[in-house]
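Q: One predicted model, sequence on top.
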Amino acid sequence: MGARDVVGVLNGAVQVSASARDEPRCWVNAGWSRSVDLEGAPQWAALDPGASDAEEVRGLVAVLVAADSTRSAKAQVAGFLLDVWCLGVKNALAPEPMGERQLSGHRAGYFSAFEGHVPVPAELARALVFGAAAYARDLGFDPEADFEAAAAVLGEPAGPCPIRFGRDGKPFYVNGPYDDPEAVARTLRRAVGDDGFHCAIAFPEQPRRRLSWSRR
């Protein structure tokens, strides 16, 4: 789905027309396109109209998916938090049935840490989720436990992922508050060598020991 499928702008969110009723509805945080390389799919940049106004780039992309059912008034809703620079699928929310009102409230809360969200075609959501997972696997990082259950709601990608991950051509690790940065660094060294990745310490107090590998 390209820019011609965008039919309007309402409250800063692009409205995307549905190309197939059996495709899940998908949303991504505003500014997502600033964290990935879309050289292979430049048409998708048009689906992120507020990218230039988005907050500081963090390499985190949130994806929410709602698969409608012909047998129930409730949709199956799943979510993914992606580290598109390094770790892939940091968190996955297993499917949960939701009516439209519940989904609306859940969607607002799900993206509350970001500056809004935009609807995107399922093709793009699959490229982000499965592409980030494959990128991280090649580095030695597996998706979190509920990934397969959540991915079943999204469906499988139809072809190769056109999105490129990492930052400036290399993995870029930014630690989270519950990460073990030393373990991540060892995994990255095994995969790409000492000079094959970049990193930044976002929570210098975690852990307390000195991180000799930390560099930009």
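A: Cool, the structure landed. What you are looking at is a predicted structure, and each value in this text was computed from that prediction instead of being measured. Residues are numbered from 1 along each chain as shown.
Q: can you list the domains in the chain?
A: When the chain is parsed with automatic domain parsing, its domains come out as 3-154, 170-216.
Q: what about the shortest one, average pLDDT?
A: In this model, domain 170-216 has an average pLDDT of 76.
Q: Equivalent analysis for the longest one, please.
A: When pLDDT is averaged along domain 3-154, the result is 86.
Q: Just checking the distance from it to the centre of its chain.
A: Put simply, domain 3-154 sits 6 Å off its chain's centre (C-alpha atoms, centre = their mean, to the nearest Å).
Q: What of stretch 143-161?
A: When C-alpha coordinates are averaged (C-alpha atoms, centre = their mean), stretch 143-161 and its chain have centres 12 Å apart.
Q: buried ones in it?
A: Residues of stretch 143-161 classed as buried: 143-144, 146-147, 150-151, 153-155, 157, 161 (neighbour count, 16 or more other C-beta atoms under 10 Å). All C-beta spots, glycine's among them, are computed from the backbone N, C-alpha and C.
Q: and those, which of them are in strands?
A: Of the buried residues of stretch 143-161, none are assigned to strands by DSSP state E.
Q: With distance to residue 97 added, can I get the residues you listed in a markdown table?
A: Shown next, in a markdown table, are the buried residues of stretch 143-161 (distance: C-beta to C-beta, whole Å):
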| residue | distance to residue 97 |
| --- | --- |
| 143 | 23 |
| 144 | 21 |
| 146 | 16 |
| 147 | 19 |
| 150 | 14 |
| 151 | 17 |
| 153 | 11 |
| 154 | 16 |
| 155 | 18 |
| 157 | 25 |
| 161 | 29 |
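Q: what two of the residues you listed are the furthest from one another?
A: The largest separation in the buried residues of stretch 143-161, counting by C-beta to C-beta, is between 146 and 161 at 21.2 Å.
Q: for the protein, what spans make up the strands?
A: Taking DSSP E to define them, one finds strands in the chain at 6-10, 13-16, 25-29, 60-67, 75-83, 88-98, 117-120, 172-174, 198-200.
Q: contacting residues around residue 61?
A: Contact analysis of residue 61 by C-beta atoms under 8 Å, 6 or more residues apart in numbering lists 28-29, 32, 35-36, 81-82, 84, 128, 132.
Q: let's go with 7 Å and repeat that
A: By C-beta atoms under 7 Å, 6 or more residues apart in numbering, residue 61 lies in contact with 28-29, 32, 35, 82, 84, 128.
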